[in-house]
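> could you work out the structure for the sequence below:
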Amino acid sequence: MIKIKYRLIFDDEIVGYERWSKGSQRWEQSFEGKVWDFGNIIPHDAKDQYIGLKDNGGDLNAYENDIIEYYWGVFVAQDETELKKYRDVIIWNDRLCRYVLKEKGDVFEILISNDRLGEIIGNIHENSKLCQ
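So this is what the prediction gives:
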């Protein structure tokens with residue numbers, strides 16, 4: 001079962017994390033994502049949802065609006081492809097009802113799965129220049 005977690009945003013800065021605790025049946029919040037408490041109330045004006053995957057290294061949780069660097073096969077000639085490096089942002093696609101990757105304003109229908117996630121190199125809140 002995928003954990004229900006969010007990254008909390010205030011004025012376009014990450015201010016904490018929130019998760020649903022199945023055991024205590026309540027929302028818990030944390031400033032760093034390590035020590036959780038249901039008494040914390042962290043002011044926020046937006047949330048990025050955890051998408052249920054980790055990056056290729058298995059160390060980082062992937063959230064909506066994370067910037068991913070990955071390689072994708074590109075057709076170059078008959079029966080020939082080469083790997084091209086991309087940087088995209090994880091976004092929700094209402095039409096497909098799932099998370100996809102976005103590049104320069106166009107939504108590519110590259111569906112996110114464990115074998116295609118790539119490396120998380122930042123997020124749009126702290127590293128917006130990485131996706132320009």
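> leaving out sequence neighbours, find the closest residue to residue 64.
Nearest non-adjacent residue to residue 64, counting by C-beta to C-beta, 6 or more residues apart in numbering: residue 48, 4.3 Å away. (Each C-beta comes from the backbone N, C-alpha and C, glycine too.)
> as a quick check, tell me the outermost residue of this structure.
Most distant residue from the mean C-alpha position of the chain: residue 78, 34.9 Å away (C-alpha atoms, centre = their mean).
> ok, it - contacts?
Listed by C-beta atoms under 8 Å, 6 or more residues apart in numbering, residue 78 has no contact partners.
> partners of the residue nearest to residue 64 in the sheet?
residue 7 (DSSP bridges).
> count the neighbours of it for me.
21 (other C-beta atoms under 10 Å).
> if I pick it, what's in contact with it?
6-7, 9, 63-66, 123.
> what of residue 69?
Residue 69 sits next to 85-87, 118-119, 121 when contact means C-beta under 8 Å, 6+ apart.
> so which of these is surrounded by the most neighbours?
residue 118 (22 neighbours).
> ok, what's across the strand from the closest residue to residue 57 other than its chain neighbours?
Distance criterion C-beta to C-beta, 6+ apart; nearest residue to residue 57, sequence neighbours excluded, is residue 119 at 6.9 Å. On the basis of DSSP bridges, residue 119 is bridged to residue 69.
> touching, residue 119 and residue 59? I think so.
No. With contact defined as C-beta atoms under 8 Å, residue 119 and residue 59 do not form a contacting pair (9.9 Å).
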